[in-house]
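Novice: Provided below for reference: sequence and predicted model.
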Amino acid sequence: MRLDQMVRFEAIVRVCEFGDKHQDLFLEGTEGKDALTVLVESRGKFEAQAKSKAAAEHEGQDAKTNARRVLNRELEEIARNARVIAADTPGFDAPFALPRPRSDQKLLTSGRAFIDAAEASKDRFIRFGMPPDFVSTLSSAVTGLATAISTLESGRIDTTQARQDLNATLRTATRAIERLDTFIRNKCRDDAATLEVWQECRAVEWKRRTRRRRVTQNDAVVAPEQEVKVAS
């Protein structure tokens, strides 16, 4: 969750808690009750959206990490055997040099090169005890990483949509808080203590390392195209 989304959501949570503690203010058939209902629904929706987005990102990254590990293992095993064979056949290990650094693309390129080279001399590897299907196993590992990378890239497109959905939910919640503000100012115009608590609840708090400030909801909520851009 981005910083701007997080601090706005924290304000939503506080306002919902305010509603729980002051239920006597929000009678059925009033704008306050309707706005609070919308806000509570928005809170639940936002929590579900944020959880789904985080789970998708985590799952995609885990899949790629695991695919990299599998391909690395297969390449290292073949390279190790090739070095042993090269003791009797100088230069045999040349086509099986491990990539440096081991970026995703270099792993894929090396994996495909290893497949071609190993296929041409797989009997030498098998004589040293390598599984008869080691080339196909390597091929599967290459495909696995390529698929994981593609899936992760596609997931980033979905993540962009998820971020837009989160912002849409926040905008709905913001409008509800604005309606609540008018309602509560009217209901509590002679209750300074409750109004002060309300102002604290609806304020959006921005935290920037050592700098800290509080602004009102109207000041903090900006149009979508003006939103603070903070990396997820």
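Specialist: Thanks, I have it. Residues are numbered from 1 along each chain as shown.
Novice: counting contacts, what elements does the helix of greatest length in the chain pack onto?
Specialist: In the chain, taking DSSP state H as the definition, the longest helix is helix 31-86. With contacts taken as 3 or more Cβ pairs under 8 Å, 6 or more residues apart in numbering; DSSP states H and E, helix 31-86 sits against helix 3-21, helix 104-120, helix 122-127, helix 134-187. For the C-beta atoms, the positions are set from N, CA and C on the backbone; glycine is no exception.
Novice: three-state assignment of the most far-flung residue of the chain relative to its centre?
Specialist: Most distant residue from the mean C-alpha position of the chain: Asp88, 50.6 Å away (Cα atoms, centre = their mean). Look at Asp88: counting by DSSP: H, G, I helix; E, B strand; the rest coil, its state is coil.
Novice: return the distance of it relative to Thr151.
Specialist: Between Asp88 and Thr151 the distance is 43 Å, computed by Cβ to Cβ, to the nearest Å.
Novice: same question for Trp198.
Specialist: 46 Å.
Novice: so for the two, which sits in the more crowded spot?
Specialist: With neighbours defined as other Cβ atoms under 10 Å, Trp198 and Thr151 compare such that Trp198 has more, 22 against 14.
Novice: identify the residues contacting the helix or strand where the more buried one lies?
Specialist: Using DSSP states H and E, Trp198 maps to helix 192-202. The contact list for helix 192-202 (Cβ atoms under 8 Å, 6 or more residues apart in numbering) reads 11, 14-15, 17-18, 22, 177, 180-181, 184-185, 188-189, 216-217.
Novice: re the thing from before, what angle separates the longest helix of the chain from helix 3-21?
Specialist: Counting by axes from the mean of the first three to the mean of the last three Cα atoms, to 10 degrees, helix 31-86 points 140 degrees away from the direction of helix 3-21.
Novice: ok now helix 31-86, how far from the chain's centre?
Specialist: Counting by Cα atoms, centre = their mean, to the nearest Å, helix 31-86 is centred 7 Å from the centre of its parent chain.
Novice: point out where this structure drops to low pLDDT.
Specialist: Counting by pLDDT under 70, the chain shows low-confidence ranges at 1, 155-159, 205-232.
Novice: leaving out chain neighbours, which residue sits closest to Val70?
Specialist: Excluding the flanking residues, the one nearest Val70 by Cβ to Cβ, 6 or more residues apart in numbering is Ala141, at 4.9 Å.
Novice: wait, the one you found sits on Glu76?
Specialist: No - using Cβ atoms under 8 Å, Ala141 makes no contact with Glu76, being 11.3 Å away.
Novice: the more surrounded of the two?
Specialist: With neighbours defined as other Cβ under 10 Å, Ala141 and Glu76 compare such that Ala141 has more, 24 against 11.
Novice: still on that earlier bit, give me the buried positions along the helix holding Trp198.
Specialist: 194, 197-198, 201-202 (16 or more other Cβ atoms under 10 Å).
Novice: nearest to Leu170, of these?
Specialist: Nearest to Leu170 among the buried residues of helix 192-202, counting by Cβ to Cβ, is Arg202 at 13.9 Å.
Novice: neighbours around Ala203, how many?
Specialist: Neighbour tally, Ala203, other Cβ under 10 Å: 18.
Novice: pretty sure it is touching Ile12, no?
Specialist: No - the pair Ala203 and Ile12 fails to qualify as a contact (Cβ under 8 Å) at a distance of 12.0 Å.
Novice: good, wrapping up.
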